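Peer 1: here is my input, please return the structure:
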Amino acid sequence: MPHIATSTLQAGVSAGILVSVLALGLAAPADAQTVEWPSYAADQAGTKYSALDQINAENVGDVEIVWRQPVIPDAIRDGDTTRGPVGSQTTPLMAGGMLYFSTGLGTIAALEPTTGEVVWNTGPSDGVRVRQTRGIAWWTDGEEARIIATLGPKLVSLDAGTGERDAGFGEAGEVDLRLGLIRPFP
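Peer 2: Purely as a prediction, here's the structure:
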């Protein structure tokens, strides 16, 4: 039980720090370096590095939280008190001017990065609750962008702007990963 509470606390603190850093970057001039973090380790090379230099030894003490969002945003909780403590085991992504993350309810949400407002939230198509998803991925071909995630036993492709299932992916935007398994999987 303490592990869950610690995970939730760490996720909230991490998200708050990330939001502060991103908000400072968003206030920068248009020619500033990118503030995006489009994959788990920052980029496809896994560098875990950002060239942003707006926060430094002289001003780190002045950094303030601009907004805070719980692991389960109030806007999507809808009064659900049926589940116990939850945690988050995912890295939020900042891509295409939007902040994406897996919620503690096993759904994927998109937030407006300067305000923290929930833009969209989507979960399993069958309405079955799943545990939190451990990670999401962002993909673009330069014109269209998708969020790829596992929701329970399904791999889903979501339109990054709307959260709607990508009809051109699998069946109605999802692939059941249980198909073809020798032993049943819940």
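Peer 1: quick one: the helices in the chain?
Peer 2: With DSSP state H as the criterion, the chain has helices at 2-26, 74-77.
Peer 1: out of those helices, which gets the lowest mean score?
Peer 2: If the helices of the chain are sorted by mean pLDDT, helix 2-26 sits at the bottom with a mean of 46.
Peer 1: neighbours of the nearest residue in space to residue 147 that is not next to it in sequence, just the number please.
Peer 2: Nearest in space to residue 147, with sequence neighbours left out and distances taken as C-beta to C-beta, 6 or more residues apart in numbering, is residue 158 at 4.5 Å. Where C-beta positions appear, they are placed from N, C-alpha and C, glycine not excepted. Residue crowding around residue 158 was assessed by other C-beta atoms under 10 Å; the count is 25.
Peer 1: ok, residue 158 touching residue 144?
Peer 2: No - between residue 158 and residue 144 no contact is recorded; they are 11.4 Å apart, counting by C-beta atoms under 8 Å.
Peer 1: quick one: low-confidence ranges for this protein?
Peer 2: Within the chain, the stretches with pLDDT under 70 are 1-34, 75-88, 127-132, 185-186.
Peer 1: run the last query once more with 90
Peer 2: For the chain, applying pLDDT under 90 flags the ranges 1-35, 40-44, 46, 49-55, 68-91, 102-108, 121-135, 150-154, 177-186.
Peer 1: what about the strands in this protein?
Peer 2: Using DSSP state E, the strands of the chain run over residues 93-95, 98-102, 108-111, 118-122, 136-140, 145-151, 154-159, 174-176.
Peer 1: sweet, I'm off.
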